[in-house]
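Enquirer: Need coordinates for the below:
(one chain, ligands or ions: 1)
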Amino acid sequence: MLTFKNLKKTYGGRTVVDINNLNIRSGETIGLVGNNGAGKTTLFRMLLDLIRPDSGEVLSKDQNVAQNDHWKDYTASYLDEGFLIDYLTPEEYFTFIGSLHNLSVAHVVDYLRQYEEFFNGEILNRGKYIRDFSKGNQNKVGIAAALMQKPELLVLDEPFANLDPTTQIRLKSLIKSLKQTHRLTTLISSHDLNHVTDVCDRIILLEKGLIIKDFHTDENSLKELEAYFSE
Ligand SMILES: Nc1ncnc2c1ncn2[C@@H]1O[C@H](COP(=O)(O)OP(=O)(O)OP(=O)(O)O)[C@@H](O)[C@H]1O
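Expert: Next up is the predicted model:
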């Protein structure tokens, strides 16, 4: 589904992403791990054509994301609260995002029913603007809105950060069930090795923009990653 080819990004003379060849297959759940500044967000931003690489390309279904918009039809993402419109209430925001996907207000209301548990009573009918929600609750709005288009590819930057433990567990179930029901391909960056090894079937470890490890998760993965990061 995705190919990253000779992809390089440099800031101030320092290479922050340098990936020769990386392939992601349809239906994989990928965990991107690496210490602060490893290049995870920069990689996602190039995948979503929010920034351009200095050289190389990202191919989504064999098409360069910087040269056509086809990938936008099946790709959903939530990287940070910059993806939200903070002067709207969550209801107004969901209705707006729904309208972009030709969903009526009734459709949107119906869609949101499945997120009642995930929202935990904290998102809808609160009479608050998005800007007044906690970061964790803003994450919930962003993730639910991203999934509204029934994507084939989902990109989430540190989705577990700021979520309470109950919602972290619910988010993991949601991602696992979308993989089963919709063969969703998911890329998740995370500093939480527990969650990432639990929900992902493949882990890619970045350090200073380079892929240091790329492996399928098994019962030893968590220990191996903990050992790597405690060196
Ligand atoms: N717009 C920018 N201008 C200059 N340097 C940048 C810019 N964006 C990112 N960087 C640098 O690129 C490097 C990689 O940053 P990036 O945010 O991709 O890392 P990350 O792995 O997502 O880190 P974190 O875990 O802290 O979120 C960092 O050194 C960062 O300071």
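Enquirer: residues contacting V58?
Expert: L2, T3, F4, K5, L7, M46, L47, D49, N64, V65, A66 (CB atoms under 8 Å, 6 or more residues apart in numbering). All C-beta spots, glycine's among them, are computed from the backbone N, C-alpha and C.
Enquirer: So which of those wins on neighbours?
Expert: The most crowded member of the contacts of V58, judged by other CB atoms under 10 Å, is M46 (25 neighbours).
Enquirer: Can you tell me the element the closest residue to it other than its chain neighbours falls in?
Expert: Computed as CB to CB, 6 or more residues apart in numbering, the closest residue to M46 that is not its neighbour in sequence is P53, at 5.2 Å. Assigned by DSSP states H and E, P53 falls within no helix or strand.
Enquirer: Tell me how far P53 lies from D62.
Expert: To D62, P53 is 17 Å away according to CB to CB, to the nearest Å.
Enquirer: now E219
Expert: From E219 to D62 the distance is 35 Å (CB to CB).
Enquirer: and the chain, which residues reach the ligand?
Expert: Y11, V16, G34, N36, G37, A38, G39, K40, T41, T42 (CB under 6 Å from any ligand atom).
Enquirer: Kindly recompute the last result at 5 Å.
Expert: Within the chain, the residues that sit near the ligand (CB under 5 Å from any ligand atom) are Y11, V16, N36, G37, A38, G39, K40, T41, T42.
Enquirer: Please indicate which of those are buried?
Expert: When the residues of the chain next to the ligand are checked for burial by 16 or more other CB atoms under 10 Å, the buried set is V16, A38, G39, K40, T41, T42.
Enquirer: how about CSV for these, with pLDDT and secondary structure added?
Expert: Formatted as CSV, those follow (pLDDT from 0 to 100; DSSP: H, G, I helix; E, B strand; the rest coil):
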residue, pLDDT, secondary structure
V16, 97, strand
A38, 96, coil
G39, 97, coil
K40, 97, helix
T41, 98, helix
T42, 98, helix
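Enquirer: tell me which element D110 falls in.
Expert: Using DSSP H and E, D110 falls within helix 105-113.
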